[in-house]
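[1] Have a look at this fold, sequence not included:
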């Protein structure tokens with residue numbers, strides 16, 4: 001089926017204008033989510049297709065030179081949107097360099113046919129390739145937005161490639177914007193499909209990033225950035241099941257800042273917040289990537305050390321406790337010394353072991369450490385622990 005080419009251009013311009021208006025309107029409320037930049041790209045896209053619609057009825061510099069430059073601007077805005085959405089600095093010179101090349105090419109080649117068509121098409125192909133490259137580099141592999149952006153840009157490359165083949169094959173006149181034939185219908189339809197897929201892919205990417213941020217906020221402690229109580233308990237359940245399945249040790253530690261109320265009373269609550277953050281940073285720097293730390297209460301933390309036997313747990317945690325004595329927190333010009341007490345439960349989980357039972361044992365050990373004068377570590381009494389060839393003690397990791 002052969003469609004009237006100017007009518008196709010007009011339809012694309014109308015749809016892109018409506019989408020641009022909606023995104024620019026919504027993007028005004030939050031300029032960090034990239035919607036305003038996407039809307040600007042769609043507006044440039046719409047104006048480009050308005051120019052194509054007027055081809056043959058207005059000056060060539062407007063309907064071809066300015067129109068293709070605007071389409072290049074649209075693709076540049078799409079690329080910039082990608083960086084903004086993933087919260088990376090926008091490399092403006094790389095994003096808009098092809099657009100400058102397009103403008104220069106159109107000014108220099110406007111009075112030719114094949115050269116100007118070939119130059120415009122190649123610049124647009126470069127921009128689509130850049131969008132694919134940036135998408136592969138900066139967007140998670142499993143995201144739906146990534147799929148839309150790659151497919152949309154790839155289809156655009158196919159459509160542009162068809163134009164290059166036609167031009168090089170001597171059919172440049174058949175690809176004029178005021179000519180209606182099957183090649184033009186396919187080419188313009190592909191362009192329409194591309195505009196929709198890229199813009200929708202970017203909007204979906206913005207949505208996915210917002211959802212990811214909300215999920216992170218829901219699982220992270222606002223003050224320290226570590227896992228909150230809910231998240232660390234969920235992690236605890238997963239680690240317990242894994243250790244039970246593999247027959248490996250799991251060390252569970254409850255850590256409490258000694259005399260924290262006194263710190264708040266003497267130095268103020270802002271200083272107390274600084275002490276908590278300092279303690280978390282100190283603990284985090286001395287844990288492995290496989291270990292987990294979460295804020296269990298106000299000044300109480302839960303540590304999970306998988307594949308860690310009793311000796312390894314005591315060695316590491318007691319070293320952390322002792323080193324914190326020599327690492328006071330600072331609040332302004334004030335040095336605030338702090339101590340911690342630690343209760344540890346280390347087991348190879350059996351069928352009867354639950355997160356609640358192991359927490360209770362670690363908590364009892366913590367209170368025992370406090371009763372002994374604080375600034376110490378106590379290990380919960382050992383229960384039945386079966387040995388397993390796959391069990392790896394943390395002390396072996398440290399000695400290695």
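    That came through fine. Note that the coordinates shown come from a computational prediction; the quantities given were computed from them, not determined experimentally.
[2] check contacts around the residue of the chain positioned farthest from its centre.
    In the chain, the greatest distance from the average C-alpha position (C-alpha atoms, centre = their mean) is reached by residue 57, at 47.1 Å. Shown in contact with residue 57 (C-beta atoms under 8 Å, 6 or more residues apart in numbering): residue 63. Bear in mind the C-beta positions are built from the backbone N, C-alpha and C, glycine included.
[3] buried residues in stretch 75-95?
    75-86, 95 (16 or more other C-beta atoms under 10 Å).
[4] from the chain's centre, how far out does it sit?
    15 Å (C-alpha atoms, centre = their mean, to the nearest Å).
[5] Now do that stretch: distance from first to last residue.
    By C-alpha to C-alpha, to the nearest Å, the extent of stretch 75-95 from end to end equals 9 Å.
[6] burial of the residue lying closest to residue 282 once chain neighbours are set aside, as a residue count?
    Closest residue in space to residue 282, ignoring its immediate chain neighbours: residue 324 at 5.5 Å, by C-beta to C-beta, 6 or more residues apart in numbering. Residues lying near residue 324 (other C-beta atoms under 10 Å) number 22.
[7] elements contacting the helix or strand where residue 324 lies?
    Element membership for residue 324 (DSSP states H and E) is helix 310-325. Contacts defined by 3 or more C-beta pairs under 8 Å, 6 or more residues apart in numbering; DSSP states H and E place helix 310-325 against strand 250-257, helix 269-285, strand 300-306, strand 340-347, strand 377-379, helix 394-399.
[8] could those go into a markdown table alongside mean pLDDT?
    Below are the helices and strands packed on helix 310-325 laid out as a markdown table (pLDDT from 0 to 100):
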| stretch | mean pLDDT |
| --- | --- |
| strand 250-257 | 95 |
| helix 269-285 | 93 |
| strand 300-306 | 95 |
| strand 340-347 | 94 |
| strand 377-379 | 93 |
| helix 394-399 | 39 |
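[9] still on that earlier bit, residues contacting the residue nearest to residue 282?
    Taking C-beta under 8 Å, 6+ apart, one finds 279, 282, 338, 339, 340 in contact with residue 324.
[10] same check, this time on residue 17
    42, 43, 46.
[11] Looking at the contacts of residue 324, which two lie furthest apart in space?
    282 and 339 (12.0 Å; C-beta to C-beta).
[12] closest to residue 122 among the contacts of residue 324?
    residue 282 (56.4 Å).
[13] burial measure for the closest one, as a count.
    For residue 282, using other C-beta under 10 Å, the count is 17.
[14] In this structure residue 255 contacts residue 342, no?
    Yes - using C-beta atoms under 8 Å, residue 255 makes contact with residue 342 at a distance of 5.2 Å.
[15] tell me, what's touching the two both at once?
    residue 366.
[16] Next one: residue 210 from residue 84, what distance?
    Remark: distance between residue 210 and residue 84 (C-beta to C-beta, to the nearest Å) = 13 Å.
[17] I meant to write residue 349 there.
    46 Å.
[18] Residue 201 now?
    For residue 201, the distance to residue 84 - C-beta to C-beta - is 14 Å.
[19] cool, and residue 257?
    Relative to residue 84, residue 257 is positioned 40 Å away (C-beta to C-beta).
[20] cool, residue 382 as well?
    55 Å.
[21] Ok, residue 347 next?
    49 Å.
[22] How about residue 90?
    Counting by C-beta to C-beta, the gap from residue 90 to residue 84 is 6 Å.
[23] got it, and residue 69?
    From residue 69 to residue 84 the distance is 22 Å (C-beta to C-beta).
[24] for residue 336, phi and psi?
    Main-chain torsions, residue 336, degrees, to the nearest 10: phi -120, psi 110.
[25] Next up, the contacts around the nearest residue to it once chain neighbours are set aside.
    Among residues not flanking residue 336 along the chain, residue 329 sits closest, at 4.6 Å (C-beta to C-beta, 6+ apart). Neighbouring residues of residue 329 by C-beta under 8 Å, 6+ apart: 271, 274, 275, 278, 279, 335, 336, 338.
[26] Looking at residue 329 now. What's its pLDDT?
    Confidence at residue 329, expressed as pLDDT, is 92.
[27] Next: residue 145.
    Residue 145 is assigned 88 on the pLDDT scale.
[28] what residues are up against the closest residue to residue 313 other than its chain neighbours?
    What sits nearest to residue 313 in space, not counting adjacent residues and going by C-beta to C-beta, 6+ apart, is residue 251, at 3.9 Å. Applying C-beta under 8 Å, 6+ apart to residue 251 gives the contacts 303-306, 308-310, 312-313, 344-346, 394.
[29] closest to residue 357 among those?
    residue 345 (8.9 Å).
[30] State the distance from that closest one to residue 270.
    34 Å.
[31] And these two? Which one has more around it.
    residue 345 (27 against 11).
[32] residues touching that one, list them.
    Per C-beta under 8 Å, 6+ apart, neighbours of residue 345: 251, 252, 253, 358, 359, 361, 362, 365, 379, 380.
[33] Least confident secondary structure element in this protein?
    Averaged element by element with mean pLDDT, DSSP states H and E, the chain has its least confident helix or strand at helix 394-399 (a mean of 39).
[34] for the protein, which spans come out with low pLDDT?
    Scanning the chain with the threshold set as pLDDT under 70 gives 1, 31-32, 383-400.
[35] for it, what spans make up the helices?
    5-27, 35-53, 60, 67-85, 92-109, 114-138, 144-168, 182-219, 229-246, 260-267, 269-285, 310-325, 355-371, 394-399 (DSSP state H).
[36] for those helices, which one sits closest to residue 293?
    helix 269-285 (5.8 Å).
[37] Show me the contact partners of the closest one.
    In contact with helix 269-285 (C-beta under 8 Å, 6+ apart) are residues 223-226, 255, 257, 260, 263-264, 293, 295, 299, 301, 303, 320, 323-324, 327, 329-331, 334, 336, 338, 340.
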